[in-house]
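K.L.:
Sharing a model prediction with you, sequence too.
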Amino acid sequence: MHVDQTIRTFIEYFEERGHRRVVGSSLIPPPGDPVLFTTSGMHPLTPYLTGRPHPQGTRLVDVQRCLRTTDLDEVGDRTHLTVFQMLGSWSLGDYDGPQSLRWGLELLRDGFGLDPGQLHVTVFGGDGQVGPDTESMRTWGELGLPVELTGEENWWSNGPTGPCGPDSEIFVWTGDSPPRGTPTTDDRWVEVWNHVGLRYERLGDGTLRPLTRPGVDTGLGLERLLCVLQGKDSVYETDVFEPWMSTVPVLWRLDETSTRVVCDHLRSSIVVVGDGVRPSNTGRGYVLRRLVRRVLTVLWREDPTRTLVDLPSGPVEHTVDHFGLSTGVEPVRRVLLEEQRRFHDLVRRGRRVVSRRLSRGTLTDRDYQDLHETHGLPPELVRGLVDTDGQVVRGQTTGD
């Protein structure tokens with residue numbers, strides 16, 4: 001099932017059950033949201049989850065692009081991405097959590113053709129404030145799926161304050177053998193869909209107040225679902241990444257992890273640029289700068305002549321079209337190439353700075369911190385400038 005068919009199947013399933021499609025917003029969160037980027041499908045809907053009437057009703061569905069900086073260090077494995085898409089459904093004081101779970105299983109089984117015998121779920125088992133989620137436990141028991149109880153892993157919140165509640169996560173077995181273990185004991189169980197029962201609002205003092213209009217918020221990771229539906233070993237092998245994975249390995253010889261990082265970070269940078277962000281030293285612009293420079297650090301680590309000038313327009317155009325960005329291909333390329341020029345100049349200056357610092361002895365953690373804060377040289381860049389003998393590498397990671 002290709003990406004467009006997968007999205008259409010999800011949207012139409014919920015539209016048939018009275019949900020109205022909401023147009024997904026950009027990565028820039030709504031005013032008043034403290035996060036730099038939209039990190040989940042519910043972010044644009046926060047005011048409506050706490051009681052404000054939504055103009056399109058009480059049942060909603062959409063596809064929302066998200067960015068999580070917390071996952072940056074995980075990128076390169078089988079499932080983590082910086083920018084990803086979330087298929088979401090919501091009940092704003094309409095149907096309850098058990099109904100959402102029943103529909104979830106029905107869609108996975110009948111709409112996407114997944115074998116229920118390959119599924120496992122986790123449910124909130126309670127903590128010092130709230131008891132176990134017995135509704136979800138009972139529902140999954142009736143539906144015949146195995147249940148594992150957890151603690152904070154199955155409690156969802158929108159930050160230190162705001163709407164929150166127990167969630168139930170659906171996992172799919174991706175191993176070659178028959179399913180074994182549980183989601184917390186075997187990483188071949190991959191989470192695809194999270195159903196959150198928004199029952200409380202956490203106040204500033206940490207106490208929980210029941211919401212006057214409880215709701216349901218679900219998020220189904222598109223790329224992870226594609227990985228399962230298309231029988232691939234990683235999200236990078238799905239059709240949504242095909243333009244990148246058929247280009248980057250041919251253009252630059254890299255190991256598997258580095259190839260994934262380059263594909264992810266370039267793709268993510270294009271989406272961020274397309275949503276109006278430009279590289280800078282603070283806020284959203286710094287996240288973009290960090291993404292582009294991580295790509296260049298990887299590329300220049302083994303071959304300083306590599307350049308983003310060589311990147312063809314195909315993958316860029318595919319990303320612009322797939323995410324429905326309003327920008328053109330050439331404006332995006334100009335931003336990337338200008339950032340490459342700035343980073344090239346920084347590395348050239350940085351070699352001299354690091355060389356002087358090394359003349360005093362081996363670099364310490366404090367040296368790395370000072371080089372970053374004072375000279376703008378990130379630790380991964382500094383490490384790339386220093387060889388195993390503690391000397392500055394001539395010509396490495398610079399492109400000159």
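P.N.:
Okay, I see it. Numbering: from 1, shown residues only.

K.L.:
the helices in the chain, which residues?
P.N.:
Taking DSSP state H as the criterion, the chain carries its helices at 3-15, 46-49, 97-106, 134-143, 222-229, 242-245, 248-251, 256-274, 283-302, 313-322, 329-358, 365-375, 379-385.

K.L.:
right, so of those, which gets closest to residue 25?
P.N.:
With CB to CB, the closest approach to residue 25 among the helices of the chain belongs to helix 46-49: 11.8 Å. The C-beta positions use only the backbone N, C-alpha and C, and glycine is treated the same way.

K.L.:
before we move on, back to that, reformat the helices of the chain as CSV; add distance to residue 177 and mean pLDDT.
P.N.:
As requested, those are exported to CSV (distance: least, CB to CB, whole Å; pLDDT from 0 to 100):
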stretch, distance to residue 177, mean pLDDT
helix 3-15, 26, 97
helix 46-49, 40, 83
helix 97-106, 23, 97
helix 134-143, 23, 97
helix 222-229, 16, 96
helix 242-245, 27, 97
helix 248-251, 30, 97
helix 256-274, 23, 97
helix 283-302, 34, 92
helix 313-322, 34, 96
helix 329-358, 43, 92
helix 365-375, 44, 87
helix 379-385, 37, 78
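
K.L.:
looking at these, which is closest to residue 89?
P.N.:
Proximity of the helices of the chain to residue 89 was assessed by CB to CB; the nearest stretch is helix 3-15, lying at 5.1 Å.

K.L.:
elements contacting the closest one?
P.N.:
Counting contacts by 3 or more CB pairs under 8 Å, 6 or more residues apart in numbering; DSSP states H and E, the secondary-structure elements packed against helix 3-15 are strand 59-67, strand 83-91, helix 222-229.

K.L.:
for the second one, packing partners?
P.N.:
Applying 3+ CB pairs under 8 Å, 6+ apart, one finds that strand 83-91 contacts helix 3-15, strand 59-67, helix 97-106, strand 208-221, helix 222-229, helix 256-274.

K.L.:
returning to what we had before: and of the helices of the chain, who's closest to residue 195?
P.N.:
Once CB to CB is applied to the helices of the chain, the stretch that comes out nearest is helix 97-106, at 5.1 Å.

K.L.:
name the helices or strands packed onto the closest one?
P.N.:
Helices and strands touching helix 97-106, as assessed by 3+ CB pairs under 8 Å, 6+ apart, comprise strand 83-91, helix 134-143, strand 162-173, strand 189-202, strand 208-221.

K.L.:
buried ones in it?
P.N.:
For helix 97-106, the neighbour count (16 or more other CB atoms under 10 Å) marks 97, 98, 100, 101, 103, 104, 105 as buried.

K.L.:
if we can go back for a sec, arrange the helices and strands packed on strand 83-91 in TSV, one row each, with distance to residue 52 as further columns.
P.N.:
Formatted as TSV, the helices and strands packed on strand 83-91 follow (distance: least, CB to CB, whole Å):
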stretch	distance to residue 52
helix 3-15	21
strand 59-67	13
helix 97-106	21
strand 208-221	10
helix 222-229	27
helix 256-274	28
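
K.L.:
Number of residues surrounding residue 89?
P.N.:
For residue 89, the tally of surrounding residues (other CB atoms under 10 Å) stands at 26.

K.L.:
Go ahead and confirm it touches residue 100.
P.N.:
Yes - A contact is recorded between residue 89 and residue 100 when judged using CB atoms under 8 Å, the distance being 7.3 Å.

K.L.:
anything in contact with each of the two?
P.N.:
216, 218 (CB atoms under 8 Å, 6 or more residues apart in numbering).

K.L.:
Apart from its chain neighbours, what residue comes closest to residue 148?
P.N.:
Distance criterion CB to CB, 6 or more residues apart in numbering; nearest residue to residue 148, sequence neighbours excluded, is residue 182 at 4.4 Å.

K.L.:
Just want the phi and psi numbers for the one you found.
P.N.:
Backbone torsions of residue 182, given as degrees, to the nearest 10, read phi -130, psi 170.

K.L.:
And the one 3 residues further on, by the same measure?
P.N.:
Torsion angles at residue 185 (phi, psi; degrees, to the nearest 10) stand at phi -110, psi -10.

K.L.:
Next one: it, what pLDDT does it get?
P.N.:
Here, the pLDDT recorded for residue 185 equals 96.

K.L.:
Quick check: it vs residue 171, distance?
P.N.:
As for residue 185, its distance to residue 171 is 12 Å (criterion: CB to CB, to the nearest Å).
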